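**Q** fold the following, please.
(chains A and B)
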Amino acid sequence: MPDATVTAVRPEAEPRTGPRRRGFGRAALYAGVIAGAFVMLFPFLWTLVTSITADGNLSGGPTLLVENPTLEAYRTLFDTLPMWRIVANSFGVAVVSTVAQLVTGSMAAYGFARLRFPGRNVIFTLYLATLMVPLQVLVVPLFIQMSRFDLNDTYFALLAPSVASAFGIFLLKQAMESVPRELDEAATIDGASHLRIYATIVLPLVRPALAALTVFAFMSSWNNFLWPLIVIRSPELMTLPLGLSTLHGQFTTEWNVVMAGSVVSILPIAVVYLFAQRHIIAGMAHTGLK
Amino acid sequence: MNATQPTLTRGSVDDRDGARPVAPGASRRRRSPRLRTLGWALFFLLPSGVPLLLFTFVPMVSSAWVSLHEWNLISSMTWVGLDNYAHLLTDPNTREVFGHTLLYILGYFPLVYAGGLGLAVVLNRRLAARGFFRAAYFLPVVTSWVVVALVWQWLLNPSNGLVNQILGFLNLPEPGWWTDPSWAMPSVILASAWKDLGFVMVILLAGLQTIPQELYEASRIDGASAWKQFRHVTLPLLSPSTFFVVVISLINGFQVFDQVYVMTGGGPSGASQVVVGQIYELTFRYGRAGEASALSWLLFLVILAVTAVQIRGQRRWVHYA
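**A** Reported below is the predicted structural model:
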């Protein structure tokens, strides 16, 4: 037994010598990761399963078993709501605001991370301060402000508040701060302008953070509820969370329809995440650091 | 290279140049570097600064104005000066909702940070189906709170929930969870930490990618153990991302609302009511928008103070390249 503990410690320094322990460790790791994944996936699987049941009765508690699966709930969903229009609206707004946030956010992040100008910390704190007042309070003045310019119930009103976000700027600034300065100093000596350093050196190196922001920006636009609720009245401008919220009233007990709506709302973000994930993991393969 | 630079700075520095015309050619070289940096700063900051100013800052200032009035959102506002603030500061409800919010943060943050960091480190290793696991752990982040709340209410159901069945099997006490005033907030904390694990994981994973592999190789050659590498390479170089997670989690933590609203509705009997929940109720239920704005400004001041302390303190532990 004492021998076992000695060999158990040694592989840390010399991984090649303890294949059996390493095998056990890996098995335990996999078991843990798989069990965790199930715990994390369960609510989504349950949503999916409930959406293909015939009655959407939840009284028995969540289950992953379903007899006679049917797509009836999805038909009801698409019959009740102009789903294609709604999804197109949500998608358009999410794409535009995500692209805008990537551009405005990475530019501001570069400014804060790489330029020394008077009042930089104060201005950065002011940027952060925009995250500190709860949305529930801002929507009312913003609504009044928009109506003054007759902009309520337009795509503009839907989009304008989300073309820049201090969240994204902060995220990208932190990523840029960990890019070695030697890289842009070398470029400056070669005569490169800030725009060139930003575009050709810093941006490619913070690709993982840009990918992460893509996911978060898309998600926050896609799930945005309170602001569209207040600013949008025309059914043809409705976004997905607004449409789904009308379901809760109409189908109080028909959870299969509500869950079908949830699936429709989750899948696009999951797809965006899967695309972005490859870049989040892109790694340092392309840094040019030696 | 020099040819493109002035055209870009000009937009912002132009007016000054116009006031002080200098011989062309000479101006470029003589323009002070500070002024030039200022021009670049404007160029990089304006695209985000203008929308943030118009669509967040101006409404913030308006809400400060509203906080000095009595207003039900419909009829015109009545000036009350600082009465709303005076009332809030003496109201025991205020202390209570701030206390619940603080309790939430104290429970939520350590859980979500430790969990997210562990996940990021584990899922950064070479694993089969690593992509699948990363996606699986992220899925709760995108799942709506309505669905998550339903599942957790069932898991934490005091009589037949899965968690209490397991606790009962182990002969451990079975709490009343969200139906019990003293367990309502821990229930919300558990569900929130579970849902946000993937968020922290993704940010820290992105941060892990920016750590040069060379450093690990170098420390391995020096004979550093896995723990030493984690402690002296990973943690310091991850600190910019960690700083982001800490600041953003605290800002979001102080503004916790959705999960409370759908899981407990602030109950039982107000035991889990949080600051933003109170703001929401005041505005949209009781039509006391002035008081709600005042409360949100008190919240703002608290968050600002906490964030400022962190920004000041970052020099001690955040390692920038």
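**Q** what's around residue B:114, how many residues?
**A** 13 (other C-beta atoms under 10 Å in any protein chain shown). (Each C-beta comes from the backbone N, C-alpha and C, glycine too.)
**Q** surely it is in a helix?
**A** Yes. Assignment of residue B:114 by DSSP: H, G, I helix; E, B strand; the rest coil places it within a helix.
**Q** could you report the pLDDT at it?
**A** With respect to pLDDT, residue B:114 has a value of 95.
**Q** swap in the one 3 residues further on?
**A** The predicted local distance difference test score for residue B:117 is 95.
**Q** next: residue A:157.
**A** 93.
**Q** contact partners for it?
**A** A:146, A:151, A:231, A:232 (C-beta atoms under 8 Å, 6 or more residues apart in numbering or on different chains).
**Q** what's around the closest residue to residue A:117 other than its chain neighbours, how many residues?
**A** Nearest-residue entry for residue A:117: residue B:41, 4.2 Å, with adjacent residues in sequence omitted and distances by C-beta to C-beta, 6 or more residues apart in numbering or on different chains. Look at residue B:41: counted by other C-beta under 10 Å, it has 24 neighbours.
**Q** domains of the chain?
**A** All of this is about chain A. Domain assignment for chain A by automatic domain parsing gives A:2-74, A:82-286.
**Q** wrong one, I was asking about chain B
**A** If you go by automatic domain parsing, chain B breaks into B:4-66, B:83-317.
**Q** and of these, who's closest to residue A:53?
**A** Set against residue A:53 and scored by C-beta to C-beta, the domains of chain B come closest in domain B:83-317, at 14.7 Å.
**Q** I'd like the distance from the closest one to the chain centre, please.
**A** Offset of domain B:83-317 from its chain centre (C-alpha atoms, centre = their mean, to the nearest Å): 9 Å.
**Q** just give me the residue right at the centre of chain A.
**A** residue A:216 (2.5 Å; C-alpha atoms, centre = their mean).
**Q** show me where pLDDT drops low in the stretch 151-290 of chain A?
**A** Applying pLDDT under 70 to the stretch 151-290 of chain A picks out residues A:249, A:252-253, A:281-290.
**Q** give me every residue that touches residue 168.
**A** No chain in the question, so chain A it is. A:101, A:102, A:105, A:109, A:213, A:216, A:217.
**Q** chain B, not that one
**A** residue B:174.
**Q** what is the burial count for residue B:111?
**A** Residue B:111, neighbours per other C-beta under 10 Å, totals 16.
**Q** one more: residue B:197?
**A** 26.
**Q** where's it relative to chain A, distance?
**A** 8 Å (C-beta to the nearest C-beta, to the nearest Å).
**Q** and what of residue B:66?
**A** 7 Å.
**Q** what is the burial count for that residue?
**A** The burial count for residue B:66: 27, using other C-beta under 10 Å.
**Q** show me where the stretch 1-150 of chain A has its helices.
**A** A:2-9, A:19-51, A:72-80, A:83-114, A:120-129, A:135-148 (DSSP state H, counting those that start in this stretch).
**Q** how long is stretch A:116-124 from one end to the other?
**A** Separation of the first and last residues of stretch A:116-124 by C-alpha to C-alpha, to the nearest Å is 12 Å.
**Q** returning to that earlier point: among the contacts of residue A:157, name the buried ones.
**A** A:146, A:231, A:232 (16 or more other C-beta atoms under 10 Å in any protein chain shown).
**Q** out of the residues you listed, flag the one nearest to chain B.
**A** residue A:146 (9.0 Å; C-beta to the nearest C-beta).
**Q** residue B:315 in helix, strand or coil?
**A** helix.
**Q** the residue nearest the centre of chain B and chain A: what is the separation?
**A** Centroid-nearest residue in chain B, with C-alpha atoms, centre = their mean: residue B:248, separated by 2.6 Å. Separation of residue B:248 from chain A (C-beta to the nearest C-beta) stands at 7 Å.
**Q** okay, now residue B:207: neighbour count?
**A** 27.
**Q** and the spatially closest residue to it that is not a sequence neighbour, what helix or strand is that in?
**A** Closest residue to residue B:207 apart from its sequence neighbours, by C-beta to C-beta, 6+ apart: residue B:241 at 2.9 Å. Following DSSP states H and E, one finds residue B:241 within helix B:235-254.
**Q** residue A:68 touches residue A:256, doesn't it?
**A** No. Residue A:68 is beyond contact range of residue A:256, at 12.0 Å (criterion: C-beta atoms under 8 Å).
**Q** check contacts around residue B:241.
**A** A:174, A:175, A:178, B:203, B:204, B:206, B:207.
**Q** so how many other residues sit close to the first one?
**A** In other words, residue A:174. If we define neighbours as other C-beta under 10 Å, then residue A:174 has 29 of them.
**Q** quick one: secondary structure of it?
**A** Classified using three-state DSSP, residue A:174 is helix.
**Q** tell me who's in contact with it.
**A** Residue A:174 touches A:209, B:207, B:240, B:241, B:243, B:244, counting by C-beta under 8 Å, 6+ apart.
**Q** hmm, the third one is touching residue B:206, no?
**A** Think residue B:240. No. Here residue B:240 lies out of contact with residue B:206, judged by C-beta under 8 Å, at a distance of 10.8 Å.
**Q** and these two? which has more neighbours close in?
**A** More neighbours surround residue B:206 than the other of residue B:240 and residue B:206, with 29 against 22 (other C-beta under 10 Å).
**Q** quickly find the element holding the more buried one.
**A** Assigned by DSSP H and E, residue B:206 falls in helix B:181-209.
**Q** give me the next element, helix or strand, following that helix.
**A** According to DSSP H and E, the helix or strand after helix B:181-209 is helix B:213-221.
**Q** does chain A sit close to that following helix?
**A** Yes. Using C-beta under 8 Å from any C-beta of the partner chain, helix B:213-221 reaches chain A at B:213, B:214.
**Q** who does that helix touch, helix- and strand-wise?
**A** Helices and strands touching helix B:213-221, as assessed by 3 or more C-beta pairs under 8 Å, 6 or more residues apart in numbering or on different chains; DSSP states H and E, comprise helix B:226-229.
**Q** only alpha carbons, please: show the helix it packs on as CSV.
**A** Extracted C-alpha coordinates of helix B:226-229, given in CSV (Å, rounded to 0.1, in the frame of the first residue of the first chain):
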residue,chain,number,x,y,z
ALA,B,226,1.2,20.6,-12.8
TRP,B,227,0.0,22.4,-9.7
LYS,B,228,3.0,24.8,-9.9
GLN,B,229,2.3,25.5,-13.6
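**Q** could you measure from the residue nearest to residue A:117 over to residue A:106?
**A** 15 Å (C-beta to C-beta, to the nearest Å).
**Q** find the residues that touch each one of residue B:240 and residue B:206.
**A** Common neighbours of residue B:240 and residue B:206 (C-beta under 8 Å, 6+ apart) are residue A:175.
**Q** circling back to that earlier point, which among the contacts of residue B:241 gets closest to residue A:29?
**A** Nearest member of the contacts of residue B:241 to residue A:29, counting by C-beta to C-beta, is residue B:204, at 18.1 Å.
**Q** host element of the nearest residue to the closest one once chain neighbours are set aside?
**A** Take residue B:204 and drop its neighbours on the chain: the residue closest to it by C-beta to C-beta, 6+ apart is residue B:120, 3.7 Å away. Using DSSP H and E, residue B:120 sits within helix B:92-122.
**Q** following that helix, which helix or strand shows up next?
**A** helix B:130-142.
**Q** mind giving me the packing neighbours of that next one?
**A** helix A:19-51, helix A:207-223, helix A:255-280, helix B:181-209.
**Q** now these as CSV including distance to residue B:108?
**A** Formatted as CSV, those follow (distance: least, C-beta to C-beta, whole Å):
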stretch, distance to residue B:108
helix A:19-51, 17
helix A:207-223, 19
helix A:255-280, 23
helix B:181-209, 5
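**Q** that'll do, ta.
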